[in-house]
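Asker: output the structure for:
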Amino acid sequence: MHIVLVHVHVKPGAAEAFEAASAQNAEASRLEPGIARFDVLRQRDDPARYLLVEVYRTPDAAVAHKGTAHYLSWRDAVAPLMAEPRSAVVWDNVSPGDTDW
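Answerer: This is a model prediction of the structure:
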């Protein structure tokens, strides 16, 4: 699995628009064969901060995702809503057991 955690900080008043665009992107992303899981989380104690949890079956699936129409649409829609550039960290699952989400 290729896991990407994307940190997003949105501008004041931009949460609703960010969530709407992100919900559309997440729904379409979950239909991609290379994506095992795609979640959009909002931080409880700071509702202007979000975490996108993207679990890909392979690193190539992550590359393919960035070429999809829904990702490109999301990227362009949320760019002006961000208080700072989003950041991402790539992770590997090292726990034993079933990792085929």
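Asker: burial measure for residue 18, as a count.
Answerer: Counted by other Cβ atoms under 10 Å, the residues lying close to residue 18 total 21. The way it works is simple: take the backbone N, C-alpha and C, and place the C-beta from them, glycine included.
Asker: for it, give me its contacts.
Answerer: By Cβ atoms under 8 Å, 6 or more residues apart in numbering, the contact list for residue 18 reads 8, 10, 50, 78, 81.
Asker: same thing but 7 Å
Answerer: Residue 18 is in contact with 10, 50, 78, 81, counting by Cβ atoms under 7 Å, 6 or more residues apart in numbering.
Asker: sec struct for it, please.
Answerer: Per DSSP: H, G, I helix; E, B strand; the rest coil, the secondary structure class of residue 18 is helix.
Asker: for residue 28, see how far away it is.
Answerer: 16 Å (Cβ to Cβ, to the nearest Å).
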